[in-house]
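S.K.: Here is a sequence with its predicted model. Questions after.
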Amino acid sequence: MRLGMLKKIAIAFTTLIAILLVVIALQPAEFRIGSCTDISAPAPVVFPFVNDLHAWDGWSPWGKLDPNMKKTFSGAPQGKGAIYEWFGNDDVGSGRMEITGARESELVTIQLDFIKPFAASNITEFKLAPKGDATTVTWAMTGKNDFMGKAFSLFMNMDKMVGGDFEKGLADLKKQAEAKAQAAR
């Protein structure tokens, strides 16, 4: 009787694991995380803040997580070909960004490669759209989930995790761009 019960438990456990693996495998392979804000400044004032990776320290939420983070800049000084690499504490990890496309006052596209704490390769973009005397800025990240990423997404809401950081960054970008626009008046 005892052996029969253990066999039933083993079958139930194996069935649960198989169901979990199927559920993970059926999760979407692609993801998109994004946030947007309206900035009371024209797009030509906002654009340099995202097109020049040197300017990111003033508004990026991740730079504040590790004041001792090591950063290197290479490639073009700004725009297409500009490269930013970082190595920091456990909060920021390490990785590399390269601006792969830039349309003046409209769009900046970035290849974002994380190395630590986990390897990932994503596309980040900033879209700027005129809205009267203001600019709507949309910050989005897209990528593909491997099996582990799909499993992680079952238990962690990536939009809440990263989306909150996007909102903080956009709020700081808004402050800086609006201050610059105000000073120019």
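M.R.: Noted; the coordinates are in hand.
S.K.: Is K144 in contact with Q27, as I believe?
M.R.: No: counting by CB atoms under 8 Å, K144 does not reach Q27; the two are 11.5 Å apart. C-beta coordinates here come from the backbone N, C-alpha and C atoms, glycine included.
S.K.: tell me the mean pLDDT over the longest helix along the chain?
M.R.: Looking across the chain with DSSP state H, the single longest helix is helix 158-184. When pLDDT is averaged over helix 158-184, the result is 86.
S.K.: just stretch 17-25 next, same as before
M.R.: Stretch 17-25 comes out at a mean pLDDT of 74.
S.K.: for it, the distance to its chain's centre please.
M.R.: 27 Å (CA atoms, centre = their mean, to the nearest Å).
S.K.: List the backbone torsions phi and psi for the residue nearest the centre of the chain.
M.R.: The residue lying closest to the centre of the chain (CA atoms, centre = their mean) is M141, at 5.0 Å. Main-chain torsions, M141, degrees, to the nearest 10: phi -130, psi 130.
S.K.: ok, now the one 4 residues further on?
M.R.: For N145, the backbone dihedrals are phi -100, psi 130 (criterion: degrees, to the nearest 10).
S.K.: Point out where this structure drops to low pLDDT.
M.R.: Where the chain drops to pLDDT under 70, the residues are 1, 24, 147, 150, 156-163.
S.K.: if you set the cut-off to 90 instead, what comes out?
M.R.: For the chain, applying pLDDT under 90 flags the ranges 1-33, 57, 61-67, 90-92, 117-120, 132-133, 142-166, 182-185.
S.K.: would you list every one of the strands in it?
M.R.: Assigned by DSSP state E, the chain shows strands spanning 30-39, 70-75, 82-87, 94-103, 107-116, 120-131, 134-144.
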